[in-house]
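[1] Have a look; sequence and predicted model below, questions after that.
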Amino acid sequence: MKILAFETTCDETSAAVMKGRSLRSNAVYSQIKLHRKYSGVVPELASRAHLEKIPVILRSALKRAQNLPPLKPGDFDAVAFSRGPGLPGALMVGRVAAEAAAELSGAPLIGVNHLEGHLLACEFKNGRAARPLEFPLLTLIVSGGHTELWHARGYGDYRVLGRTRDDAAGEAFDKVAKLLGLPYPGGPSVEKEAARARGKGPDFPRPFMPGTMDFSFSGLKTAVSYYLASELGGDFYKKGLRLQPAQRARVCKSFQDSAVETLVKKTSQAARSLGLKRIAVGGGVSANGALRAAFGALEGFEVRFSEKAYCSDNAAMIALCALRRLEAGGYKNSLKVAPDLAEPGW
Ligand SMILES: Nc1ncnc2c1ncn2[C@@H]1O[C@H](COP(=O)(O)OP(=O)(O)OP(=O)(O)O)[C@@H](O)[C@H]1O
Ligand SMILES: [Mg+2]
């Protein structure tokens, strides 16, 4: 079984080839540099960069998979793409590329939910889909645009238990980094600073939202901004005032502690309430070492993460979702029976 996949939901342009369970190539172009001066993704710039890079990335993925272009009929058994959620203009580029590739190679088209991709990324080990998920399990998707808990009962069978009501956890990392004058993307910058922290930092609230499996991270971000205003003056942002490095590191650590504790506690509570012993964590924020350590320390649960290379957006995870769907059989060309773009499941 040979699958070609595309990923263009946000600021990574990616194409991947899988043959059987082996990943033959996973070409990724990250637009981080393009968006860095704005401290966040600018949708129109993202769409334009996808348009420019998609032919290059496709060629690179095909070349690395030793299947030199041009595409010929019969090259692939399926062509997959991220159908959403994502930025509309960016999604369109991946979809059109996938439709053209499917037409050329005479293969069916599979629209994959991007967040399912973040979950199934946990199955890769050394370039192979070697660690199949065991169901049922509790899923935490924690990324730049989403923070969601799912009850995953099997491949394609996901029930959303809770979502963020405002900012995603990754977005909170990005915004806090911006407030502190740290480079985009904020997650890795905040984690690096937090690792340098010595002594006690400010106490930020834990937005547990009792009684619901929903999340909320905008208040935590606001708490950081109030703290900075109290230390530097209300117009700190306009004047470009910054904390001293040692204090900045402590703020990063306090913020990260709060985000991590909230994510781990809410996820384990949800798993317990459903009697689930397995947890899988996916998405860009799952690269965070403190989050991995806190989940690792949980007793009574088996917790899975993806290898760090597959935490942020990539087409390999999209190819893998398509593979699982083909293996399950009963597949129909997904554009003719298009599910809600934003909802997980087949
Ligand atoms: N080490 C880290 N610690 C915390 N956050 C991190 C880390 N590495 C990356 N992130 C965050 O992960 C996010 C990017 O992840 P990802 O690429 O999965 O998100 P996205 O594709 O933009 O959003 P979505 O998947 O929701 O559509 C950014 O917000 C980034 O700051
Ligand atoms: Mg993503």
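    Here it is on my side, so go on. Ligands and ions are numbered 1, 2, ... in the order given.

[2] ok, and the closest non-adjacent residue to Ala172?
    Phe217 (4.0 Å; Cβ to Cβ, 6 or more residues apart in numbering). (Glycine included, C-beta is placed from N, CA and C.)

[3] Any idea how many residues pack against that neighbour?
    25 (other Cβ atoms under 10 Å).

[4] OK, contacts around it?
    Each residue near Phe217 by Cβ atoms under 8 Å, 6 or more residues apart in numbering is listed here: 147, 164, 166-169, 171-172, 207, 259, 262.

[5] Which of those residues fall within helices?
    169, 171-172, 259, 262 (DSSP state H).

[6] Can you give me the domain assignment for this structure?
    Using automatic domain parsing, the domain parsing of the chain gives 2-132+309-328, 137-305.

[7] what residues does the stretch 1-150 of the chain put near ligand 1?
    9-10, 86, 114, 118, 143-146 (Cβ under 6 Å from any ligand atom).

[8] now do 5 Å
    Those residues of the stretch 1-150 of the chain that sit near ligand 1, judged by Cβ under 5 Å from any ligand atom, are 10, 143-146.

[9] and which of these is nearest ligand 2?
    Ser143 (4.5 Å; Cβ to the ion).

[10] count of residues packed around the closest one?
    Counted with other Cβ under 10 Å, Ser143 comes out at 25.

[11] for it, what are its contacts?
    115, 118, 168-170, 282-285.

[12] 6 Å instead?
    Neighbour list for Ser143: 170, 283-284 [criterion: Cβ atoms under 6 Å, 6 or more residues apart in numbering].

[13] Can you add pLDDT and give those back as TSV?
    TSV is the format used below for the contacts of Ser143 (pLDDT from 0 to 100):
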residue	pLDDT
Gly170	97
Gly283	98
Gly284	98
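
[14] Of those residues, which is the most crowded?
    Neighbour counts for these, by other Cβ under 10 Å, peak at Gly283, which reaches 29 neighbours.

[15] now check stretch 249-268, is it near ligand 1?
    No - using Cβ under 5 Å from any ligand atom, stretch 249-268 never reaches ligand 1; the gap is at least 7.6 Å.
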